[in-house]
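>>> need a 3D model of the sequence below.
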Amino acid sequence: MNESAAAVGTEPAPERGDAVQDRRERIARRSQDSAAPDRRPPADPGTDAAPNGSRPTHGNGVVNGDGTSVGRRYRPDPSQGVPSNGTPSNGTRADGAGSSGVRPAEAAAQLPGADSPVVSPPVRLSSAPAGQDPAPQAAPAPTTPRTPSSASSPSPASSATEHPRVRMRQRLARFGTGRPAPMPVLDPLFTVIKANHPKADLDLIERAYRTAERMHEGQRRKSGDAYITHPLAVTTILAELGMTESTLCAALLHDTVEDTPYTLTQLSHDFGEEVARLVDGVTKLDKVKYGEAAQAETIRKMIVAMSRDIRVLVIKLADRLHNMRTLHYLRPDKRVRIATETLEIYAPLAHRLGMNAIKWELEDLSFATMHPKVYDEVVRLVAEAAPQRDQFLSGVIDQVAADLRAAKIKATVTGRPKHYYSIYQKMVVRGREFTDIYDLVGLRILVESPRDCYAALGVMHVRWNPLPGRFKDYIAMPKFNMYQSLHTTVLGPGGKPVELQIRTDEMHRRAEFGVAAHWKYKESAKNTGETPSPAKGAPDDLVWVRQLLDWQRETADPGEFLDSLRFEINSSEVYVFTPKGEVISLPSGSTPVDFAYAIHTEVGNRTIGARVNGRLVPLESELANGDMVEVFTSKADGAGPSRDWLAFVKSPRARNKIKHHFTRERREESIEQGRDLLARQLRKAGLPLQRLLTVEHLTAVAGFFKLRDVSSLYAAIGEGTVGAQAAVNRLISTEGGEDAAVDETSEDRVVTGRRRRHRGGSESGVQVLGETDLWVKLARCCTPVPGDEIVGFVTRGSGVSVHRTDCVNIDALRSEPERLVEVSWAPTAKSAFLVAIQVEALDRNRLLADITRALSDQHVNILSAALSTSKDRICKAKFTFETADPTHLDHVLKAVRGVPAVFDVYRVNQ
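Next comes the predicted model:
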């Protein structure tokens, strides 16, 4: 029998001599001790003694006397003949006692070397899949000294074996002391990461966090928080999207290269080339400050960076989202600028990447910052209408769920949330009332497979009648951002329309997280050893990114580039077919000319006609989803595009290609075209042509663009190398700003309303201190009324002008203190005071009629009114009237606030 057999509980070979006798005596003593009741507290699961004298560790390993690991800890089961880990023992207990009835203490004592520490070489654990116990390994035979002295004289080590629990706890106290202490601040992040990627390298992410924390030490954000809270929050957002370790490390380190001494070379050495490349891409986006031209250059850099690796833009979007969440710590003007930029650039880019969860939050945060009063009004309207809508929605959900169960379709049915900005946009763009928008119920049905999507669609169309023209199949033909779903609108209970979105769970994840869901899928496929098959619309197939890269190279003017970008990323799309059946994606409203340029530049330049669905159509005809388009080209040498095409083409590619073609045309034609474009742009902006189109102004603009003369400026505008809008902006700057450019002479002004007569002191309701016969008038710049703090100013030939102490002109008046006089209110029955109020409301039908009726009910005589409506459908109305009693003004303001859709009323200066 060899020694290794003893390690698994087989009886060892008998010894001879005095050592044998001593061993038998100790066996007898220990047998008596084991027979006595054990008064020690029960051992906790982490401190069970292991066979062959080894020391257990926390977890499943075993530590020898020298601290080396020998394998998984055995957990004997008294009722079974096998160890608790399921390893058969062939009738031998794991604690060394066989099935012959030998007591555990006796069996343990029969092992050789029981009175001396066991020293064994470490045994490597066999690898096993996650969630399974590794197969137990047989421990090697213990090495035991066979000299009589080792058996007869107890050593310090042998006395220590009398207290194995003490030695074991000492060992555990020292175990793992070389590893850094865990960081509780990372626990929420790690929880999210492990939920998406169970095998993620958390040590790498923790190392990146420690590096970022060390580099940003001492830096603070505007809120006063430590700067490290920002990259940690950005990383958490990306982890929730399912991004992988490289992206998460880059997010933690994305500001280190720009804001700390940490270099890109060091980062590449510490974390690898992939992380360094992502950090470098994000850093380049942050180096350019935002201005009109600088912003365009920054967006250009973003397009170049995301064309190389789309994850750069994903990190930038998460960075912008956290900055928007903490925007309230900045100055108001900076908040509005950042929110506008977010709404125009970043939210549409998130939409283009299919990351709707980020897009919706960016839009709502920007909306609340740019239009806080309108935002509060929409929130209030939603809160008031929610109970009734939710009750109807609950009934529809129950009906849909019951129908799907009856059809044996496993599905999850939920209400589709409506976001505040989308509600506002529908009110602005479509001109619809709030009740028409919010009463439209939306449901989302999640099923298991695409086949179930179409089956569920059939069930819904059997239950309720579908509305014609409202069905869209984005499963067969996905959107540009990988979005897939079935859309339909049916007439639900009570004849109310119900919008339905039917998709699988995978499609839903892609709809919420877009390109991030694709990266998560690729990572999971890599971990499982599968070969990921790219789905339709995967990021590798984001053709629009490559298109942006092409035309950003071709567009020199920053203003025109930004305008084209805003159009491109905000536009919806139509999908048409070539005669060979290929799908071409174009901006909504595109024409056969746009289609031709999407095929090839020369095809577009030589287009002379088009056929849509087998019928000849004009080149300016709009294309619809599913159209089959065929274009006819000319083979003549002089064939080329027409300038008239610029009036109806929609795609930036077609527009740029047409303009570039004209750079080869005759100079005279370009000059004439440029002159017309510039004049048209000035008229569109409502600016005076005679004042701005002077030789001096145009020469200055030509010099700004480094052109030789005015003719060269016109030619550049006509050829498209200088945008007409950019030239107009420079003309305005040369004139001294937009206000100076549109400032009209006094002869051109038209005075509306009744001309007020000047009144004396008693009639004006103001008394000059110490004087009784002075001409007193109330200043129109601030329109003071009784109760306001006022001051008098002696004018030259026009008596005393009375101003409010907070008037915008008061600083200029105080520059001549000798002309200031003390005045006080002395209203009489004949006194009447001019008051101007500003009303802000969401535009709707009969809004002005309702406001004027409210004023009339308060017996207000309106002297003048000015009304304007912005492109965002925000109505601003200014009313001027006379009042004799200041308390009456409070009643007037309260009455106007009660008009539906009015969200603010306040007094203003004239």
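>>> pretty sure Asp850 sits in a strand.
No. Under DSSP: H, G, I helix; E, B strand; the rest coil, Asp850 falls outside any strand and is assigned helix.
>>> isn't Val279 up against Leu267?
Yes. Here Val279 lies in contact with Leu267, judged by CB atoms under 8 Å, at a distance of 6.0 Å. C-beta: built from backbone N, CA, C; applies to glycine.
>>> quick one, which of those two is more surrounded?
Between Val279 and Leu267, counting by other CB atoms under 10 Å, Val279 is the more crowded of the two (27 against 24).
>>> report all helices and strands that the helix or strand harbouring that one contacts.
Assessed by DSSP states H and E, Val279 sits inside helix 273-286. Secondary-structure packing of helix 273-286 (3 or more CB pairs under 8 Å, 6 or more residues apart in numbering; DSSP states H and E): helix 245-252, helix 256-259, helix 264-271, helix 292-308, helix 311-325.
>>> comparing these, which yields the minimum mean pLDDT?
Out of the helices and strands packed on helix 273-286, helix 292-308 stands lowest, with a mean of 56 (criterion: mean pLDDT).
>>> how far away is the closest residue to Val839 other than its chain neighbours from Thr489?
Distances taken as CB to CB, 6 or more residues apart in numbering put Ala877 closest to Val839, at 4.4 Å, once the chain neighbours are dropped. Counting by CB to CB, to the nearest Å, the gap from Ala877 to Thr489 is 36 Å.
>>> and for Met324?
Met324 is 33 Å from Thr489, by CB to CB.
>>> okay, these two: which has more neighbours?
Higher neighbour count among Met324 and Thr489: Met324, with 23 against 19, using other CB under 10 Å.
>>> secondary structure element holding Val791?
Per DSSP H and E: strand 790-794 holds Val791.
>>> now do the buried residues in that strand.
Ile790, Val791, Gly792, Phe793 (16 or more other CB atoms under 10 Å).
>>> closest to Thr435 out of these?
Nearest to Thr435 out of the buried residues of strand 790-794 is Ile790 (CB to CB; 46.2 Å).
>>> show the pLDDT at the closest one.
We have a pLDDT of 86 for Ile790.
>>> pLDDT below threshold where in the stretch 651-800 of the chain?
The model of the stretch 651-800 of the chain has pLDDT under 70 over residues 663-668, 736-764, 770-774, 797-798.
>>> now do the helices in it.
With DSSP state H, counting those that start in this stretch, the ranges of helices along the stretch 651-800 of the chain come out as 652-662, 667-684, 689-692, 695-704, 710-719, 724-735, 738-742, 761-764.
>>> how about the stretch 801-910 of the chain?
Using DSSP H, counting those that start in this stretch, helices in the stretch 801-910 of the chain cover 810-813, 847-857, 886-897.
>>> what's the closest of the ones you listed to Met355?
helix 847-857 (37.1 Å).
>>> show the average pLDDT along stretch 220-237.
On average, stretch 220-237 scores 91.
>>> got it, and stretch 573-587?
When pLDDT is averaged along stretch 573-587, the result is 80.
>>> return the set of buried residues in it.
Val574, Tyr575, Val576, Ile584, Ser585, Leu586, Pro587.
>>> ok, how many other residues are close to the residue nearest to Thr326 when sequence neighbours are not counted?
Of all residues not flanking Thr326 in the chain, Ser223 sits nearest, at 5.9 Å (CB to CB, 6+ apart). Using other CB under 10 Å, Ser223 has 12 other residues around it.
>>> quick one, phi/psi of Ser223?
Backbone torsions of Ser223, given as degrees, to the nearest 10, read phi -70, psi -10.
>>> ditto for the one 4 residues further on
Recorded main-chain torsions at Tyr227 are phi -60, psi -30, according to degrees, to the nearest 10.
>>> residue contacts, His697?
Leu731, Thr734, Glu735 (CB atoms under 8 Å, 6 or more residues apart in numbering).
>>> and the last one, how far is that from Val234?
Going back to what we said before, that points to Glu735. 44 Å.
>>> the more surrounded of these two?
Remark: of Glu735 and Val234, Val234 carries more neighbours, 26 against 20, as counted by other CB under 10 Å.
>>> who does the helix or strand containing the more buried one touch, helix- and strand-wise?
Using DSSP H and E, Val234 sits in helix 229-241. When contacts are defined as 3+ CB pairs under 8 Å, 6+ apart, helix 229-241 sits against helix 187-196, helix 202-215, helix 245-252, helix 311-325, helix 515-527.
>>> ranking these by burial, who's on top?
Counting by mean count of other CB atoms under 10 Å, helix 245-252 has the highest mean neighbour count of the helices and strands packed on helix 229-241, with a mean of 27.
>>> where exactly do the helices run in the stretch 451-600 of the chain?
Under DSSP H, counting those that start in this stretch, the stretch 451-600 of the chain gives helices at 505-513, 515-527, 543-554, 558-570, 592-599.
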